[in-house]
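Visitor: Here's my sequence, what's the structure:
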Amino acid sequence: MELQGMKVILGEGMKVDVLDGAFTIRTDQPLGAGGEGTAPSPYQLFLASIASCAGFFVKRYCQTRGLSEEGIMLRQELLPNETGRLGTIRIVLELPPDFPEEHRAPVRRAAESCAVKKTIASPPVFDIVCE
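Guide: Residues are numbered from 1 along each chain as shown. Predicted coordinates:
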């Protein structure tokens, strides 16, 4: 895995952009949080990264085995814990009725292979410094 740095640019209002190589990832806050709602919030991007990562692993599983991706959908559900904060992230794999039975458990394991999920399960150390 190649590790690289990102540059953060503080924009107008509540906008914050992240420069990552050739990509600019734009964020904003919702109207209710003082933003303009022009882009996903950082928290939305965090959650989307989990869902899209699982989707990528499902897609790759199907492609490498010549299985049709048609009709496959993933749905991410956010379940609160007893304090009302995020307690469980459930990813529901909706497979079409004709999806081969022998691939149902392996494709679920593929979704579990998500690198974002693995990073959260074994979190890195955060080191915030001022220069």
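Visitor: center of this structure, which residue is that?
Guide: Of all residues in the chain, the one closest to the mean position by CA atoms, centre = their mean is Ser49, 1.6 Å from it.
Visitor: tell me what the strand or helix carrying that one is packed against?
Guide: Per DSSP states H and E, Ser49 falls inside helix 42-64. Helix 42-64 is packed against strand 23-27, strand 73-80, strand 86-94, helix 104-112, helix 115-121, with contacts defined by 3 or more CB pairs under 8 Å, 6 or more residues apart in numbering; DSSP states H and E. Yep, even glycine has a C-beta here, placed from its N, CA and C like the rest.
Visitor: With mean pLDDT and distance to Glu12 as new columns, can these be given to me in TSV?
Guide: Shown next, in TSV, are these (pLDDT from 0 to 100; distance: least, CB to CB, whole Å):
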stretch	mean pLDDT	distance to Glu12
strand 23-27	97	12
strand 73-80	97	30
strand 86-94	97	29
helix 104-112	97	38
helix 115-121	94	29
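Visitor: any idea how far the residue nearest to the centre of the chain is from Glu102?
Guide: 30 Å (CB to CB, to the nearest Å).
Visitor: on that earlier part again, indicate which one of the helices and strands packed on helix 42-64 is closest to Cys130.
Guide: strand 23-27 (22.0 Å; CB to CB).
Visitor: so where is the chain shaky, pLDDT-wise?
Guide: Counting by pLDDT under 70, the chain has low-confidence residues at 1-3.
Visitor: before we move on, back to that, name the residues of the helix holding Ser49 that are buried.
Guide: Under the neighbour-count criterion of 16 or more other CB atoms under 10 Å, helix 42-64 has Leu47, Ser49, Ile50, Ala51, Cys53, Ala54, Gly55, Phe56, Phe57, Val58, Tyr61, Cys62 buried.
Visitor: tally of neighbours for Met14?
Guide: 19 (other CB atoms under 10 Å).
Visitor: what about it, distance to Lys7?
Guide: 18 Å.
Visitor: about what we covered before: now the helix holding Ser49 and strand 23-27, what's the angle there?
Guide: Helix 42-64 and strand 23-27 are oriented at 130 degrees to each other (axes from the mean of the first three to the mean of the last three CA atoms, to 10 degrees).
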